[in-house]
Every structure is written in structure tokens, then in C-alpha cells.
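Engineer: starting from these lines, generate the structure:
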Amino acid sequence: MSDRDRKPPFQRGGGKGPDKRRESGRRTPWRDRDPGSDEPAVLYGWHTVAAALANPERRIRKLWLSENAARRLADDHIDTRVTPEIVRPSLIDQRLGPDAVHQGLLAEADPLPSPDIDTLPPEGIVLVLDQITDPHNVGAILRSAAAFAVRAIVTTARHSPEATGVLAKSASGALELVPIVTVQNLARALTELNDQGFMTVGLDSQGAEDLGAVKLRQPLALVLGAEGKGLRQLTRETCSVVARLDMPGEIKSLNVSNAAVLALYIGASRLGLMG
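Structural biologist: Coordinates of the predicted model:
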């Protein structure tokens, strides 16, 4: 998961600062500029922590390892970058709760900063998430986004999960590979993407035509709505196209993370990005 061969042409800004609150000096009227708290991102699990350690843009504050995890990192020649604290797995259980599958690794780190939306490259695919709040779903979407070399994920400052904990674990290292652009107003962000030449395609069961039949072009923004609610009305109206995902079986709707990977496969195939 630390392979950065398909890294986007723009960089996440380095240094300390929450991913939703990072200032870049550019005028970004709908970015969240609230300084907020200095709470760290909590990262746990092998792929999640190993990818964070491999990311030079991620500042690690604290690292707890079991003896087995420390030995595995050493065997794989992964630099811990900070002096780890060797602890019993039960201590990590107490920190995270008994249901967290941490594999003996827990890191506290600075959140990654959020790039500006006007730095997105005019090529490839970005994903836009309209109030998808389940961290498992967003983490799974991030993992699929990394697999399809998605340039960025655009989401809102409110009504979206923090890039920490369960989301980071579900992303299995992809949090370090796919930039997250955080905006205050999604309709304004979509308008900006339209103005930048993106084809913005909302996915909705009531879409006028099947996504596979839509003539797609780059740069492409695929817009996904929350399960149950779907796309909000203003989001739908701001998209340049609203399409559906047709399926031959009796069940006509998918979990949003499954819909994302299907839409990405269709989009990447149609745009010639699979090679």
C-alpha cells in the first residue's frame, strides 16, 4: 500500500495541521478555516500504520507496538521514524476498544492537510461524496479510489467522518495515497469543478440514462450520495449529468462503496485509464 507510483501530480502540503483546516495562502472561500483542536489522527492496523510510516508527509507523534509488530516492521525494513513504545496488545485494546483489529500497531499522527480544489489536475477521475457519513463506507471508497488511481476525493467539512480510526483502518493504507479535499459547500464545489472543465456525473437511481451509455470525458467527477437519502436536490441540480447504474438482477441498488467501485470501473474503462 506504500507504492506511490500513481501519485497525483499535485502534492499534499507538508507540515502540521488538520486535514480540514490547513491554510495554503490561496483564496478558498468555502474551505473550513476553523483552527479547531489539535487532536491527532489515530491510526491502527498493519496496512494503515505501515503506509503512514512510509508517507513522508505524515508526521508521526507517537507509536505503540507489540513485540511481534516491532519485529515484523524490522524484518520488512520499515523505518518507525520515532522511537516506539513496546507494549502488550492488551494495552492497545484498552486504548481502542476490544473490537478494533489493530494487529499490535497504534500510531498517533498529525492529520494530513486538505489541498485546494483549484489544484486538482484537469485529467483522470475524482470522486465527490455527498454527506456519506459511515466511516466503513468512506474507508472502502478510499481503498477503491487508490486502486483506480483517483486523483482526489472531495467531501464536506460537516456530515462526513473524520480521517482517523475506523475510516483509516477500513481504507487499509489508502488514506496516505488519495488526497481528500474538504469543502464547506458541496454545490459551490461542484460549480467550481464545472467551471474548471470537469464533467460532473451524479449517480442516482432516477438518472436519465445508464452510466455505461453516457459519453464520458476527462476530467471526470463522479458524485455519490449517502445510502437511503441519495444525492441531495441541489447536488443533483448542480451536476452536469445524472446517471443510474443498471443491473440485471432482482436487487437494483448497491451499498455506496460497491456502487463507487462499479462506477470507477465503468469510468476508467470508458476513459481508457485501465492500462
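Engineer: from now on I want contacts and neighbour counts done on CA atoms only, so please keep to that.
Structural biologist: Fine.
Engineer: who touches the nearest residue to Thr133 once chain neighbours are set aside in this structure?
Structural biologist: If the residues on either side of it in the chain are set aside, Thr133 comes closest to Ser160, at 4.6 Å by C-alpha to C-alpha, 6 or more residues apart in numbering. By C-alpha atoms under 8 Å, 6 or more residues apart in numbering, the residues touching Ser160 are Gln131, Ile132, Thr133, Asp134.
Engineer: would Ser160 count as being in a helix?
Structural biologist: No - looking at Ser160 with DSSP: H, G, I helix; E, B strand; the rest coil, it is coil, so not inside a helix.
Engineer: in ChimeraX, how would I select just the buried ones from the contacts of Ser160?
Structural biologist: Those of the contacts of Ser160 that count as buried under 16 or more other C-alpha atoms under 10 Å are selected in ChimeraX with:
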select :131,132,133
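Engineer: sitting in strands, which of the contacts of Ser160 do you find?
Structural biologist: Among the contacts of Ser160, none falls in strands (DSSP state E).
Engineer: which one of the contacts of Ser160 is nearest Gly212?
Structural biologist: Checking the contacts of Ser160 against Gly212 by C-alpha to C-alpha gives Ile132 as the nearest, at 23.6 Å.
Engineer: hey, what's the spatially closest residue to the closest one that is not a sequence neighbour bridged with?
Structural biologist: Spatial nearest neighbour of Ile132, chain neighbours left out: Ala226 (4.6 Å); criterion: C-alpha to C-alpha, 6+ apart. Beta bridges link Ala226 to Gly230 when assigned by DSSP bridges.
Engineer: who touches Ala226 in this structure?
Structural biologist: Leu129, Asp130, Gln131, Ile132, Thr133, Val256.
Engineer: wait, a helix at Thr235?
Structural biologist: Yes - the assignment for Thr235 by three-state DSSP puts it in a helix.
Engineer: surely it meets Ala189?
Structural biologist: No - the pair Thr235 / Ala189 is not scored as a contact, 9.9 Å apart, by C-alpha atoms under 8 Å.
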